[in-house]
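In: Structure of the sequence below:
(chains A and B)
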There are 2 protein chains.
Amino acid sequence: MESVRIGVVGIGGMGSYHAQYLLKGEVSAAKLAAVADVAPDRLKWARENLGEGIQVFDSADALFAAKAVDAVMIATPHYFHPPIAVKAFEHGLHVLSEKPAGVYTRQVREMNEAAARSGKAFALMFNQRTVPVYQKLKELIESGELGALKRSVWIATSWYRAQSYYDSGGWRATWAGEGGGVLINQCPHNLDLWQWTCGTPSRVRAFVAFGKHHDIEVEDDATAYVEYPNGATGVFITTTGEAPGTNRLEVTGDNGKLVLEGGTLTFWRTRVPASEHIRDYKGGFGEPECWKCEIPVRSGGGSHQAITKSWIDAILKGTPLITPGQEGINSLQISNAMLLSAWTDGWVDIPVDEELFYAKLQERIRASASKKGAGKTMSVEGTFGV
Amino acid sequence: MESVRIGVVGIGGMGSYHAQYLLKGEVSAAKLAAVADVAPDRLKWARENLGEGIQVFDSADALFAAKAVDAVMIATPHYFHPPIAVKAFEHGLHVLSEKPAGVYTRQVREMNEAAARSGKAFALMFNQRTVPVYQKLKELIESGELGALKRSVWIATSWYRAQSYYDSGGWRATWAGEGGGVLINQCPHNLDLWQWTCGTPSRVRAFVAFGKHHDIEVEDDATAYVEYPNGATGVFITTTGEAPGTNRLEVTGDNGKLVLEGGTLTFWRTRVPASEHIRDYKGGFGEPECWKCEIPVRSGGGSHQAITKSWIDAILKGTPLITPGQEGINSLQISNAMLLSAWTDGWVDIPVDEELFYAKLQERIRASASKKGAGKTMSVEGTFGV
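Out: Presented below is the predicted three-dimensional model:
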């Protein structure tokens, strides 16, 4: 196989974007072969804009049945990522899904199991992993430069949305249509990068407000405290209700702290580990000498094409994925744990009790004021910001 | 009365500092008349260094009985601030106490009641209230510039201490001798400024680690989530175990956010309130225009002498205090609530249940590994940093 025939399932905002860069040949060896959607207006758009060579299907099932592709990219609303991926694997197709992996961990676990059974290349569109400043942060932690993790605090409140954003689609910000708010829609990138760099917490205690700043039923404000297996602690704060927000990640280790804000990464590096100084210093007051180190970081990164390229390379050459699909459950564990902690007003261990979360989610879906979007592929235009 | 005769009770680090600047005449109309301490070495130091005109007593009671002063400054270990203040009020004396107001709210409430009965001038040494950047922060909030409070996040982790600091006195970092750790010793200034600028939370959920970074029995690491009466939320993070720490306070309101870090105050000011933009904006994506405003702030401030001067002026002229003593309970409510939340693994309302807190504290005092410092006035040299 010299190139990969790709079908894009869901051609709203992100799906049509993927289709168009594939059509332009921006990812070598990736050939757009087909698209699928349930919305007539988007199918019409596809026939008029993608050219005669691209097959157009009115469902993912029809696409699968036609056996016209080797791989699919999934860009439907969140709930449908896992079931469509599972079917694709069953048809022997490789899968690249948009984030989040899904809405609840049970469906994502089942997707991961189907991926493993299929042996196909499975990736998730966590394109922020290609941003150099996050890669550098991860490298400084994993190489041991920072020392053992002590604390991680991410103020990720730069997700402001007006009411008109939520009013633009009946499925939006509903339990039935979207399955959550800021944690499932805006924060998957943050939460993936958080677990990718600092690891998965062992337990979570979160404080979540639903419709606090907007007329919506899902969460638009969350503060979470987490504990990591080594005893380190963390805080994650997010909202869509504050302007201007903040995007500042501080990670403290035994050798100092890393601060990522405004695109720059600063390493406040102690000359001796704090744990050694605490033990050995004899002077009463005093602290380790500390250097402010400005870490060089390349600009750019974050492109969707880079993730798609990594997936194509994995298919054709067996090279490692930047964003293995199985890792998508990690950030979902964290956001599910935050919601479950708020719903139960208590601690939640990770991995979360997938049946309990699912049951609590169903309660909210049943009580949902706005169910009209459920089960349909609605426009996701613009919601998957970089 | 043209001047005020002052007795300093407790002449360890802070008390001897107060005595010396009074002796130098740095606070007009304040005359050092006497000192009291229970430690023979400090009484010897006083006789040799303060001059013949200064009376030296081996207890606060002896000082009171001599009727040689109009007012006292209290700089003993924390537990003794309230009982000595109560006796001073009963002797008709004005009182300026070091921070914290006390260790548990019951004793501080009793002190406040005694102060009210006496009608004397009662102040607390929250000298950080005179730092211009905090005064400006308070003014921007109280004047309405920031709009309704939405969130307050204080990362106050710049309190690093080595083990040798804790080992320098048997009373230190023990439940019996000091009554707590970083929350009662290092953080009273932060917590006072926090409540002074952002108000008192209505409830607290905190996560506190005891002896996490040091060989001590009290807390050296705390993360707290708080809720304010208007629905705003807050986070406070502190530790003595990280180097270098962070001191960054972010306060978000309906008109933007204030960020205080590195001695500078920045107001990220939206042209229209977020609540209006959320309601009125019609464009889907988009947020209020925001200006980065560098707020002019005078340097300096923070002197103990300014607080002492304000207290002397209140005594002689009836002018308002910068730091009314009755407000000392506010920050103690917050730190008591944090400890109680950790001890009970649950929510704690403010005002805290003072009997429950006292009972839980007594449990820890009874189990304390190091009781040798209890009941004695130990050196506090250097522990009351600005």
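
In: Stretch A:9-20 near chain B anywhere?
Out: No: if you take CB under 8 Å from any CB of the partner chain as the test, stretch A:9-20 misses chain B, and the best it gets is 11.1 Å. Any C-beta I mention is one placed from the backbone N, CA and C, and that applies to glycine too.

In: So for that stretch, mean pLDDT?
Out: The pLDDT scores in stretch A:9-20 average 96.

In: In chain A, which residue is most central in space?
Out: A:Pro188 (3.2 Å; CA atoms, centre = their mean).

In: residues touching A:Thr252, list them.
Out: By CB atoms under 8 Å, 6 or more residues apart in numbering or on different chains, the residues touching A:Thr252 are A:149-152, A:258, B:157, B:242.

In: who does it bridge with?
Out: Following DSSP bridges, A:Thr252 is listed with bridge partners A:Arg151, A:Lys257.

In: now do A:Ile6
Out: A:Leu32, A:Ala71.

In: Can you give me the distance of it to B:Arg117?
Out: Plainly put, A:Ile6 is 82 Å away from B:Arg117 if you go by CB to CB, to the nearest Å.

In: okay, the two: which has more neighbours?
Out: In terms of neighbours (other CB atoms under 10 Å in any protein chain shown), A:Ile6 is the more surrounded of A:Ile6 and B:Arg117; the figures are 27 against 11.

In: wait, what's in contact with the more buried one?
Out: Shown in contact with A:Ile6 (CB under 8 Å, 6+ apart): A:22, A:30-34, A:69-73.

In: Can you check what pLDDT the model gives it?
Out: Note on A:Ile6: pLDDT of 98.

In: For the closest residue to chain B within the stretch 201-350 of chain A, which non-adjacent residue is spatially closest?
Out: Across the stretch 201-350 of chain A, no residue is closer to chain B than A:Tyr281, which sits at 3.9 Å (CB to the nearest CB). Computed as CB to CB, 6 or more residues apart in numbering or on different chains, the closest residue to A:Tyr281 that is not its neighbour in sequence is B:Ala162, at 3.9 Å.

In: which residues touch the one you found?
Out: Neighbouring residues of B:Ala162 by CB under 8 Å, 6+ apart: A:277-278, A:281, A:283-284, A:286-287.

In: could you measure A:Pro100 against B:Glu219, distance?
Out: Spatial separation of A:Pro100 from B:Glu219 under the definition CB to CB is 37 Å.

In: For chain A, which residues score under the pLDDT cut-off?
Out: When residues are selected by pLDDT under 70, those of chain A lie in A:370-386.

In: what residues are up against A:Gly102?
Out: The neighbourhood of A:Gly102, defined by CB under 8 Å, 6+ apart, consists of A:78-79, A:81-82, A:108, A:111, A:328, A:332.

In: next one: A:Glu26
Out: With the criterion set at CB under 8 Å, 6+ apart, A:Glu26 makes contact with A:Gln305.

In: Tell me the secondary structure at it.
Out: Secondary structure for A:Glu26, judged by DSSP: H, G, I helix; E, B strand; the rest coil, is coil.

In: First-to-last residue distance for stretch A:229-238?
Out: Across stretch A:229-238, the straight-line distance between its terminal residues is 23 Å, by CA to CA, to the nearest Å.

In: If you could redo that for stretch A:169-185, that was the one I meant.
Out: Rule used - CA to CA; the end-to-end distance of stretch A:169-185 is 14 Å.
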